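**Q** sequence plus predicted model, see below.
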Amino acid sequence: MDPFQYQDGELFCEQVSVSALSQEFGTPIWIYSKSKLVNEYRQIQEAFAAVDPVICYSVKANSNLSILKLLNEEGCSFDVVSGGELFRVREAGADTTKVAFAGVGKTDEEIRFALENDILMFNVESEPELDAISRIAAEMGKVAPVALRLNPDVDGKTHAKTTTGKKGNKFGMDFERHNELADKVLADPYLELRGIHMHIGSPINTTDPYRQSAEKALNIVRELRKKGHQTNWINLGGGFGLNYRGDEAATAQEYAEVIVPFVQEAECRLALEPGRSIAGNAGILVSEVVFVKHEGGKRFVIQDAAMNDLVRPAMYDSFHKIWPVKPSVAPPKDFEAELEGCPPADIVGPVCESCDYLAKSRPFPEVQRGDLLATFSAGAYGTVMSSNYNSRRRGTEVLVDGSEYKVIRRKETYEDLIAHERV
Ligand code: LLP
């Protein structure tokens, strides 16, 4: 169930009034629902229960410590891509032996840090990385657990900037090299082959790309076992879709139906790395209208959230539903269809870039200075991709639990903006 509902003409997060929170903490403000975060995680866990999966929440989607702590308490594991993310996971109290570490450019410092913390496995993305991990493990007198990240050459049919599993992307190693690479790991006393990893992109709204990569994974596992390799893990990465518009994404159950049979046949442990599908619809960004202007035959709604807060529309032309917190027109089913009383508007921010917009030519009710707007599906790849561009301060983050709420990141001050600079 969607935790963000309009009741008596205004938007609530669970039982807390969005306008009351915005008044108390100012805008822009990020508001998250605890129940949504927990339920999305549980739904994935339950959908895949037949193979007792290890769900490694992809920290990059939203790395707020309180959110990591919450998921850790639920029994979630973690997927990290930097020393910083590993540090966060540790600070959240998580058991680092449940952490998978991906990324094409792991530095010596990061590899050492991961080995010190006895992570579950490195998702290794190149041959030089295998060499580096082996060298550092040898220095530390350890054996490093690795999974080979293979590029399955499967088209996830998503945005070009978030496709990762097609030949020619920078991620992983060519699929055809799995034998040669596995042999190399086997011959190395400082490396242990745990399994294989694939991540085809994000968001993938359909199940077929997962069926294709799960089938490829099964075939590889069989081949490697025949050659005497221990290959006990299949990690199919993240990328499950999100309902940004309506119900365009497959459900956890539907993804499970195509993946589970291959994993059972392979007799492997399954790891998954969902981020967006857990955090995305658990969060909104609320902003306040600063001015409305009509120029060049267009209506511009200028509000106080910008590309520095939520960069996805500027970066990927992403679609986010946006609607007033106290609307004069009830929110439609289809936010892109023409709607009476809702002439098109560009919803833009104050940053000095033409690409600073949250929505373009969107049917939108009349609003005025001071009105609050909610941008939905902002829980994943929102705050984590935000910046201080134009020396703008990032807003408060609040976690709602029923009728209660707490600040999980305070609004930045002007002093914060210069805190690390030296004159
Ligand atoms: N595993 C790996 C290896 C990944 O590269 C990613 C995402 C994930 C897991 C998590 O994918 P998710 O379940 O969250 O879709 N900034 C973009 C998304 C970039 C995703 C990068 N990798 C966006 O805002 O759409």
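**A** Cool, the structure landed.

**Q** what parts of the stretch 1-150 of the chain come near the ligand?
**A** 58, 61, 79, 102 (C-beta under 6 Å from any ligand atom). (Glycine included, C-beta is placed from N, CA and C.)

**Q** in CSV: those, plus secondary structure, neighbour count and pLDDT.
**A** Converted to CSV, those look like this (DSSP: H, G, I helix; E, B strand; the rest coil; neighbours: other C-beta atoms under 10 Å; pLDDT from 0 to 100):
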residue, secondary structure, neighbour count, pLDDT
58, strand, 29, 98
61, helix, 24, 98
79, strand, 30, 98
102, coil, 28, 96
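
**Q** closest to residue 9 among those?
**A** Nearest to residue 9 out of those is residue 61 (C-beta to C-beta; 32.1 Å).

**Q** tell me how many other residues crowd the residue lying closest to that closest one once chain neighbours are set aside.
**A** Leaving out its chain neighbours, the residue that sits closest to residue 61 by C-beta to C-beta, 6 or more residues apart in numbering is residue 275, at 2.9 Å. Neighbourhood size, residue 275 [other C-beta atoms under 10 Å]: 26.

**Q** pLDDT value on residue 275, please?
**A** Predicted confidence (pLDDT) for residue 275: 98.

**Q** ok, it - contacts?
**A** Residues in contact with residue 275 (C-beta atoms under 8 Å, 6 or more residues apart in numbering) are 57-62, 79, 202, 238, 380.

**Q** roughly how far does it sit from residue 240?
**A** Distance of residue 275 to residue 240, given as C-beta to C-beta, to the nearest Å: 9 Å.

**Q** in JSON lines, list the residues of the stretch 1-150 of the chain next to the ligand along with distance to residue 18.
**A** As requested, these are exported to JSON lines (distance: C-beta to C-beta, whole Å):
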{"residue": "58", "distance to residue 18": "27"}
{"residue": "61", "distance to residue 18": "22"}
{"residue": "79", "distance to residue 18": "31"}
{"residue": "102", "distance to residue 18": "35"}
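
**Q** need the max-distance pair from those residues.
**A** Largest separation among these by C-beta to C-beta: 61 and 102, giving 13.2 Å.

**Q** so which bits of the stretch 301-423 of the chain are right by the ligand?
**A** Residues of the stretch 301-423 of the chain found near the ligand (C-beta under 6 Å from any ligand atom) are 312, 316, 380-381.

**Q** let's see it at 5 Å
**A** 312, 381 (C-beta under 5 Å from any ligand atom).

**Q** what residue in the stretch 301-423 of the chain comes nearest to the ligand?
**A** Nearest residue of the stretch 301-423 of the chain to the ligand, counting by C-beta to the nearest ligand atom: residue 381, 3.2 Å away.

**Q** so that residue lies in a strand, does it not?
**A** No. Read with DSSP: H, G, I helix; E, B strand; the rest coil, residue 381 is coil and lies in no strand.

**Q** all strands of the stretch 51-200 of the chain, in order?
**A** For the stretch 51-200 of the chain, the strands defined by DSSP state E, counting those that start in this stretch cover 54-58, 77-80, 99-101, 121-124, 144-151, 173-174, 191-197.

**Q** swap in the stretch 201-350 of the chain?
**A** Along the stretch 201-350 of the chain, the segments classed as strands by DSSP E, counting those that start in this stretch run 233-235, 269-272, 283-295, 298-303, 322-324, 344-348.

**Q** and the angle for the third one with strand 298-303?
**A** Read it as strand 283-295. Using axes from the mean of the first three to the mean of the last three C-alpha atoms, to 10 degrees, the direction of strand 283-295 lies 140 degrees away from that of strand 298-303.

**Q** returning to what we had before: ok, of the residues of the stretch 1-150 of the chain next to the ligand, which one's closest to residue 229?
**A** Distances from residue 229 to these, taken as C-beta to C-beta, are shortest for residue 102 (20.9 Å).

**Q** ok, that closest one - contacts?
**A** Shown in contact with residue 102 (C-beta under 8 Å, 6+ apart): 79-81, 123, 125, 149, 197, 199, 273.

**Q** you'd agree residue 125 is up against residue 174?
**A** No. Between residue 125 and residue 174 there is no contact under C-beta atoms under 8 Å: 11.4 Å.

**Q** burial count for residue 46?
**A** For residue 46, the neighbour count with other C-beta under 10 Å is 13.

**Q** which element is it on?
**A** helix 34-47 (DSSP states H and E).

**Q** what packs against that helix?
**A** Using 3 or more C-beta pairs under 8 Å, 6 or more residues apart in numbering; DSSP states H and E, the elements in contact with helix 34-47 are strand 54-58, helix 65-73, helix 252-266, helix 276-279, strand 397-401.

**Q** ends of stretch 382-400, how far apart?
**A** Terminal residues of stretch 382-400 lie 17 Å apart, using C-alpha to C-alpha, to the nearest Å.

**Q** coming back round to it: mean pLDDT for the strands of the stretch 51-200 of the chain: which is lowest?
**A** When those are ranked by mean pLDDT, strand 173-174 comes last with a mean of 84.

**Q** can you list the strands that that one pairs with?
**A** Sheet pairing of strand 173-174 (DSSP bridges) gives strand 144-151 (parallel).

**Q** with just CA atoms, put the strand it pairs with into PDB.
**A** Only the C-alpha atoms of strand 144-151 are listed here, as PDB (Å, rounded to 0.1, in the frame of the first residue of the first chain):
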ATOM      1  CA  ALA A 144      39.900 -13.200  -0.600                       C
ATOM      2  CA  PRO A 145      36.400 -14.400  -1.500                       C
ATOM      3  CA  VAL A 146      35.500 -13.400  -5.100                       C
ATOM      4  CA  ALA A 147      32.600 -13.600  -7.500                       C
ATOM      5  CA  LEU A 148      33.400 -12.900 -11.200                       C
ATOM      6  CA  ARG A 149      31.200 -10.100 -12.500                       C
ATOM      7  CA  LEU A 150      30.400 -11.200 -16.000                       C
ATOM      8  CA  ASN A 151      28.800  -9.000 -18.600                       C
END
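
**Q** distance from the chain centre to that strand, please.
**A** Distance, stretch centre to chain centre, for strand 144-151: 21 Å (C-alpha atoms, centre = their mean, to the nearest Å).
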